[in-house]
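Peer 1: coords please:
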Amino acid sequence: MADTAPVLKAVVPAAGLGTRFLPATKATPKEMLPIVDKPAIQYVVEEAVDAGLTDVLMITGRNKRSIEDHFDRAYELEEALEAKGDDDRLASVRESADLAIMHYVRQGEPKGLGHAVFCARQHVGNEPFAILLGDDMIDARDPLLRRMIEVRQRHGGSVVALMEVEPDQVSAYGSAAIEATDEDDVVRITDLVEKPPEGEAPSNWIIIGRYVCDPEVFNVLENTPPGRGGEIQLTDALRTLADMPSEKGGGVYGVKFRGRRYDTGNKLEYLRTVVQFASERDDLAEDFLAWLHDFVRDHPVPSARP
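Peer 2: Numbering: from 1, shown residues only. Below you'll find the predicted structure:
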């Protein structure tokens, strides 16, 4: 029988150095870069809350204090806005502080995603939990995490989110070998390969930054040696769990996600995300899209360099 313990806690690894966005991230965490007027990390926390997870542990590192400040109260700012009668901005400032019960722990050394998750062991305890990577944003209209929690409650074990990509893109991600189940969007994972060489991936289905893990993952991570890049890889621990019996917390399932995902981990995708979000804002779309239309008309795509 599947373990039907409720999933109540979310873990958000946010200790990365953000080197792809230097020099902007020299003193500002990449997670705090804005998507229009809200930092990317807030969308991730909102997603967890929308799925019923109001206990959020942020795994941080040095120079990440502004993340904690963002999800805390800002009394001086609130008083100033209240005195001005600026109710809309006051509500937006208070919103982030009221989202969830926030906790923080530091990952002392950059030893990989698996190590970052292991840092959550004391807080999570012996409960299933969700992991949300800050570089991946899932559209609020696509309840992926809620669906993953449903799959965990039905099947037990751990659940990863999968997305199909073109064959030439698989080598940049973790790829899954999969078996069908009686549900169209659910598969059983038989193997996981982190960034496979081109042409050697088990499928075109890659792991994106959402996981629902059985607490047994902590025992596995404790005994997982450093893998690719000298880091402790969460993928390696999940591969071990996939081979373990369900009564010991094993088994890994995948949810095939065909919705809207935004990758804010590189500059080009970040810019696309900002444009997409601005284009759907009631207060911005009309003027922004008119300007964007004229801008694109006047700026043809540069010809490829020889």
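Peer 1: and the residue nearest the centre of the chain, how far is that from residue 37?
Peer 2: By Cα atoms, centre = their mean, the chain has its centre lying nearest to residue 133, at 2.5 Å. Per Cβ to Cβ, to the nearest Å, residue 133 is found 22 Å from residue 37. C-betas here are computed from N, CA, C, even on glycine.
Peer 1: same deal with residue 246?
Peer 2: 45 Å.
Peer 1: more neighbours, the two?
Peer 2: The neighbour count for residue 246 versus residue 37, taken as other Cβ atoms under 10 Å, is higher for residue 246 (14 against 11).
Peer 1: and the more buried one, what pLDDT?
Peer 2: For residue 246, the model assigns a pLDDT of 84.
Peer 1: go on, residue 1?
Peer 2: For residue 1, the model assigns a pLDDT of 48.
Peer 1: need the contact list for residue 109.
Peer 2: residue 115 (Cβ atoms under 8 Å, 6 or more residues apart in numbering).
Peer 1: which element is it on?
Peer 2: Counting by DSSP states H and E, no helix or strand carries residue 109.
Peer 1: Give me the distance between it and residue 118.
Peer 2: 12 Å.
Peer 1: ok, now residue 282?
Peer 2: Distance from residue 282 to residue 118, by Cβ to Cβ: 43 Å.
Peer 1: So for these two, which residue has more residues nearby?
Peer 2: Taking neighbours as other Cβ under 10 Å, residue 282 and residue 118 compare with residue 118 leading, 21 against 6.
Peer 1: what's the burial count for the nearest residue to that one once chain neighbours are set aside?
Peer 2: Leaving aside its sequence neighbours, residue 118 sits nearest to residue 221 (Cβ to Cβ, 6 or more residues apart in numbering; 4.5 Å). By the criterion of other Cβ under 10 Å, residue 221 has 25 neighbours.
Peer 1: Tell me the secondary structure of residue 221, please.
Peer 2: helix (DSSP: H, G, I helix; E, B strand; the rest coil).
Peer 1: Please apply the same query to residue 126.
Peer 2: coil.
Peer 1: mind listing what the spatially closest residue to it that is not a sequence neighbour touches?
Peer 2: Sequence neighbours aside, residue 215 is the residue nearest to residue 126 in space, at 4.9 Å (criterion: Cβ to Cβ, 6+ apart). Neighbouring residues of residue 215 by Cβ under 8 Å, 6+ apart: 124, 125, 126, 127, 128, 129, 249.
Peer 1: The second one: how many residues sit nearby?
Peer 2: Residue 125 is surrounded by 11 other residues when neighbours are defined as other Cβ under 10 Å.
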